[in-house]
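J.: 3D, please:
(one chain, ligands or ions: 1)
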Amino acid sequence: MEQYCPRCHEQQVFKASHSNVARHAGLLGMLIASSAASYSCPTCGKIALAEFPEEFQSSIKKKRTFMIVGAALLLVGIIAAMAFLELS
Ligand SMILES: [Zn+2]
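T.: Have a look, this model is predicted:
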């Protein structure tokens, strides 16, 4: 998603990556890291989510909710599959 920096209005912000952490923490860590990811401007540095327009904030929050629900469903699926294997 393209979003201009709320401070300088010149540069596009990018998602600060936590790829190293994600690689070591596995899938769940990746989900947590990506839901906690922050945004940075090449000129201004790290930008707090609160500084972005309301519209952008709500779309991020929606995405995060979706990701957390997805992770929860995945976990339930894995647990169910494991329980099923135990029984059979
Ligand atoms: Zn900026």
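J.: for this protein, longest helix please?
T.: Looking across the chain with DSSP state H, the single longest helix is helix 54-87.
J.: residues of it that come out buried?
T.: Residues of helix 54-87 classed as buried: Phe56, Ile60, Ala71 (neighbour count, 16 or more other Cβ atoms under 10 Å). (Glycine included, C-beta is placed from N, CA and C.)
J.: can you list these in a markdown table and add pLDDT and distance to Phe84?
T.: What follows is the buried residues of helix 54-87, written out as a markdown table (pLDDT from 0 to 100; distance: Cβ to Cβ, whole Å):
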| residue | pLDDT | distance to Phe84 |
| --- | --- | --- |
| Phe56 | 92 | 42 |
| Ile60 | 87 | 36 |
| Ala71 | 91 | 20 |
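J.: Against which helices or strands is the longest helix of the chain packed?
T.: If you count contacts as 3 or more Cβ pairs under 8 Å, 6 or more residues apart in numbering; DSSP states H and E, helix 54-87 packs onto helix 19-35.
J.: ok so, going back, closest to the ion out of the buried residues of helix 54-87?
T.: Of all the buried residues of helix 54-87, Phe56 has the smallest distance to the ion: 14.1 Å, by Cβ to the ion.
J.: Okay, that closest one and Gly70: tell me how far apart.
T.: Distance, Phe56 to Gly70, using Cβ to Cβ, to the nearest Å: 21 Å.
J.: Quick check: residues of the chain near the ion?
T.: Proximity of the chain to the ion, by Cβ under 5 Å from the ion, involves residues Cys5, Arg7, Cys8, Gln11, Cys41, Thr43, Cys44.
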